[in-house]
Each structure stands twice: as structure tokens, then as C-alpha cells.
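>>> Sequence plus the predicted model coming up.
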Amino acid sequence: MQISVKKSGIITFANRNYKCLLGKNGVTLDKNEGDLKTPLGIFSLRYVMYRCDRVKKPKTILPTHIIKKNHICCDDPNHNKYNKIFETKNFNLGERLWRKDSLYDILIVIGYNDTPIVKGKGSAIFLHLTKKNILKTKGCVAIKQKNMLDLLKYYPTKIKIF
């Protein structure tokens, strides 16, 4: 199944439409680290990560992993683990996945800039949760939790951002 996201902030899957949030600076075919833009294209959905202290394991056929307190996604283009999720005590290397807010209580890792990884072309692109006071993302796609859970049960494998 393919999911499509329109510039108007609508995510479509299984004949359903839900509002979504995109990057603060819009969408782009030429994504760069820190540009606050959501990349355009068709991307695989790699796996789900979730906070087991806050939510139940999502029902999905995608692989699932529990977010740990020291998980990050490296956003330092000079690091050998750029655009990879790993555990570390050096939180300056990237985006912390264990957050005080609920944005990453459930997230899907989008297969952007990962085969191969091009340093500086963007990292930590996720489909994650929204909050009431958040109007844009830093380059990800965000939806409401009930919509995320609905999406996951329809077994999506790709996301189309256009």
C-alpha cells in the first residue's frame, strides 16, 4: 500500500484523508540538513519505534523497536553514523528520540537518504505524532495519534510526499 501526502497537508491511505503537518519551510526535491523542509518523493517505511512507558506496542506488520532513553538519530554530517539511529550518551550528535513531549511516542522511520546515505542531504525524517501547539515540523510528516494507529493497521510500506 502506498500513502500520499499533498502539499496542502493531507495524508491519504486506504481511501481515508487526514490532516498532516509538513516542514516549516515547505517541501523540496533538494533536501539539505537543517533546511526545515520535507523531502519530496516516494520513500519506504522502514520500521516503527515507540515509547513503551507511554503507549502500547502498535499493531503493525512493520518491524517495531522500543525507544530507549539514550536513542538518537545522528544529524552530524561529519559523523560516521550520520542519519542512523543508535544509543549514545553524547546527545549533541543528533535528534533525541526520548522526548519530554509526545511527538515521538510513536514514530515511523522513513527510508529517506539511507541507501546510500549522502552526508548533508538530511537526516531523522520520520512520520511522527502531532501536538496541539505545533503547526509545522523540522522536515518530518506528523499526524494525530489515532490516525497513526489507524495507518499502521493498514500495513503501509511506502509514503509518497508530493
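Right, received. Where do you want to start?
>>> Paired strands for the strand with the most length in the chain, with orientation please.
Assignment by DSSP state E gives strand 41-50 as the longest strand of the chain. Sheet pairing for strand 41-50, assigned by DSSP bridges, gives strand 64-66 (parallel), strand 106-110 (antiparallel), strand 158-161 (antiparallel).
>>> Can you list the buried residues in it?
Buried residues in strand 41-50, counted by 16 or more other CB atoms under 10 Å: 43, 45-46, 48-50. For glycine as for every other residue, the C-beta is placed from the backbone atoms N, C-alpha and C.
>>> need the residues you listed in a markdown table with pLDDT, can you?
Formatted as a markdown table, these follow (pLDDT from 0 to 100):
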| residue | pLDDT |
| --- | --- |
| Phe43 | 90 |
| Leu45 | 92 |
| Arg46 | 96 |
| Val48 | 97 |
| Met49 | 98 |
| Tyr50 | 98 |
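>>> Reformat those into a markdown table and put distance to Arg99 next to each item.
Below are the buried residues of strand 41-50 laid out as a markdown table (distance: CB to CB, whole Å):
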| residue | distance to Arg99 |
| --- | --- |
| Phe43 | 23 |
| Leu45 | 21 |
| Arg46 | 20 |
| Val48 | 16 |
| Met49 | 12 |
| Tyr50 | 12 |
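>>> ok, so of those, who is nearest Asp114?
Arg46 (7.4 Å; CB to CB).
>>> Can you name the residues that contact the closest residue to the closest one other than its chain neighbours?
Using CB to CB, 6 or more residues apart in numbering and skipping the chain neighbours, the partner closest in space to Arg46 is Val109 (4.3 Å). Residues in contact with Val109 (CB atoms under 8 Å, 6 or more residues apart in numbering) are 45-49, 85, 126.
>>> what's the residue nearest the centre of the chain in contact with, if anything?
Geometric centre of the chain, nearest residue: Phe126, 0.7 Å, by CA atoms, centre = their mean. The contact partners of Phe126, by CB under 8 Å, 6+ apart, come to 104, 107-110, 140-141.
>>> and if we set it to 6 Å?
Contacts of Phe126 were listed using CB atoms under 6 Å, 6 or more residues apart in numbering, and they are 107, 140.
>>> Same check on Lys84?
Contacts of Lys84 (CB under 6 Å, 6+ apart): Cys74.
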